[in-house]
Every structure is written in C-alpha cells, then in structure tokens.
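S.K.: How does the following fold in three dimensions:
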Amino acid sequence: MSDQAFPAPPSAPAVDYRRRQIMGRLAQRLVIFVSAIVLAIYVLAPVSWLVSSAFQTEAEIVSVPPHWIPDKPTLHNFDAIFGATGDKEVTYETRSGTDPAAGGFIPSTAKDLPKAMWNSVLVATLVVILNLLVGVPAAYAMAKIRFWGRDASVYFILITRVIPDIALVVPFFLVIRKLGLLDTISSLVITYLAVTVPFTVFILVQYFEGLPDELDKAARVDGCSRFQALIRVFLPLSLPSLVAVVLFTFLTSWNEFLLALMFTQTSASQTLPILLAAFTSDFTVSFSFLNAAGVLAIVPPVIVAIVFERYIVSGLTAGAVKG
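M.R.: Next up, the predicted model:
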C-alpha cells in the first residue's frame, strides 16, 4: 500500500500548539464566566437585600450577621403601608411611644404612600404619551423632510441633554411659577418632557434615517399624506425603537427626584421618590417599613422592563449602523 493512504501523525509542536489554544479558550471562558458572576452579585445584592428585608422584622434587619433569608417571613410591613391609610391617627405621642424594633412604628407620612404611587404612575403615563405625540412627528420630519437648518436643529436638540439638570432648575422654577403650576402634577409633566423629548427625537431620527427613503416616496405616490405615511408605514417598522423610548421615558419619570423635590410641596402632587426620602428624614427610621415601600416602588418599572425586554436592546441600537 502507498504511504499516502496513512497521513503522517501530527508533530509534537503542533500538538502543543493545539493544546495551548484549547487551554487559552477555556481560560478565556472561565474569566468571562467569573466576571459575569461577580458583576451579577454586585448588581443584584442590594436588590436582593431590599426584597429580603421587606419580609423581615425590624429586629431581624439590624441583627449581626444579617439574615439574607428571613427566619420568619412576615407581611406586617406591607400591612402597615396599606393600613396606615385607615383611621389610625399618627401623632408625635403615638410614634414616640412605639419601639421601632418591635415592628409597630409607622412614619408620619405613611398615609400618603398610595397617593404618591398614584401620582408617579399618572406622571409617568402622561409623560410617555405626550413624549410620543411630540417626539415621533418631530423625528420623522427631521429624518425624511429636507429643510434649511435640519442638521443644526438635530444637534441643537442633542446639546440640550448635555446641560446638567441642576443648571435647569432655576429657569424651570421661574417658568413654572409664572404659569402658576407650582405644587401640581402639570409642573412635573412639563419639566419631564423637556428632559425626555430630546432623547426621543435623537433615537427616532437615527432609526427613521435607517429606513429607505423609497418607503416614504412609495407611500406618497399611493396618495398618503406625510401623517398617513408616518402612521401606516414608519410606525409599524419602528416598534423596537418606540418601545425603547417608552421604557426610557417611563423609568426617567418614575425615578426623577430633583425636579419633583423643587416643584412639589404637598402630598397632592408629590411622587414616590420624594415620599421615600421623607421616610428617612423622620426622627425615627423604620428600616422594615422603608424597605417594603422600596419593594413597591420597583414593581412597576420591573413589570414594564419584563414586558418590553425583547425590544430593549434592538431598540437602543436601532440606526446605530448604516448599510
């Protein structure tokens, strides 16, 4: 038989090279896996402790070492949140005579918690709706209608987000006071729109520009107006970016603290972040009550993120690469 029927065995250097290559890949995967685990622990540990401590008693929360898993889970903290809105009167005497470690302490502003949650939901919902009504047509016009100063207007809108929010507090306050909207839900909606609309326009402009101009021309030839082309052609195609915009707008409005602190003074318009901060400024702090309220505060954003999770990454990267 010919020697060509049996290939020569690999040489020792080739075997060593392949072995080093395999070991290098395994080491790389191990480093990535360990880094991912460490990052996940770093990110999830505070949230895990928040959820766990919401079902613990006050004494168990402050125990050393801390209990990551409650010994005796209790719903007393959530009971106190919703029970605080009843006929139970909270005064200095009743609060100062209560031992926080016993789990019976109720902050003086606890009765306003459901109202604050409703205010946050209302503000976030209104901002999302108005943000889309303003931002979508503006982005479509900048992306598909050629007019003088188009590029400058896009960059000007983007520059407005470079300015820190703290620098805008005084101008916003003067405008809101002149309009007579202090301590109202409307003041928050107006100021939040000034924060979210530039981001919405920037994201959607990039996405609309990535869609072929032929779609717009074909819709116009078929008799569609600009508005009909936007509604019937571009909006269905831009669903991922719209979802990303909705999520960003909702989370920004839900978590915003600085502007809400400046423009609201009473429970009629205060949102959830303001009330949670008020719990920590009382002369006695109930960690169990505060953590239970924190769990309620993260439920709506988590639900929104889970519902729209499949669109988040694709929406944020939409229009980033042009073919």
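S.K.: now the helices for the stretch 151-300 of the chain?
M.R.: When assigned using DSSP state H, counting those that start in this stretch, the helices of the stretch 151-300 of the chain occupy the ranges 165-179, 185-210, 213-221, 226-229, 235-237, 239-255, 258-263, 272-280, 287-307.
S.K.: Now distance to Ala36, mean pLDDT and mean neighbour count too, for those helices, in a markdown table please.
M.R.: Where C-beta positions appear, they are placed from N, C-alpha and C, glycine not excepted. As requested, the helices of the stretch 151-300 of the chain are exported to a markdown table (distance: least, CB to CB, whole Å; pLDDT from 0 to 100; neighbours: other CB atoms under 10 Å):
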| stretch | distance to Ala36 | mean pLDDT | mean neighbour count |
| --- | --- | --- | --- |
| helix 165-179 | 33 | 87 | 13 |
| helix 185-210 | 28 | 88 | 21 |
| helix 213-221 | 40 | 81 | 13 |
| helix 226-229 | 44 | 82 | 14 |
| helix 235-237 | 34 | 84 | 12 |
| helix 239-255 | 23 | 88 | 21 |
| helix 258-263 | 33 | 89 | 20 |
| helix 272-280 | 30 | 85 | 18 |
| helix 287-307 | 19 | 84 | 17 |
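S.K.: From Asp213, how far out is Arg220?
M.R.: Separation of Arg220 from Asp213 (CB to CB, to the nearest Å): 10 Å.
S.K.: Can you verify my assumption that Phe263 contacts Thr191?
M.R.: Yes - using CB atoms under 8 Å, Phe263 and Thr191 qualify as a contacting pair, with a distance of 6.9 Å.
S.K.: give the contact list for the residue nearest to Thr252 when sequence neighbours are not counted.
M.R.: For Thr252, the nearest residue in space outside its immediate sequence neighbours is Thr196; the separation is 5.7 Å by CB to CB, 6 or more residues apart in numbering. Counting by CB atoms under 8 Å, 6 or more residues apart in numbering, Thr196 makes contact with Val127, Asn131, Gly135, Phe248, Thr249, Thr252, Ser253.
S.K.: In the helix or strand containing the second one, which residues are buried?
M.R.: In this structure, Asn131 is located in helix 113-144 according to DSSP states H and E. Going by neighbour count (16 or more other CB atoms under 10 Å), the buried part of helix 113-144 is 113, 115-117, 119-124, 126-128, 130-132, 135-136, 138-144.
S.K.: I am finished for the moment; much appreciated.
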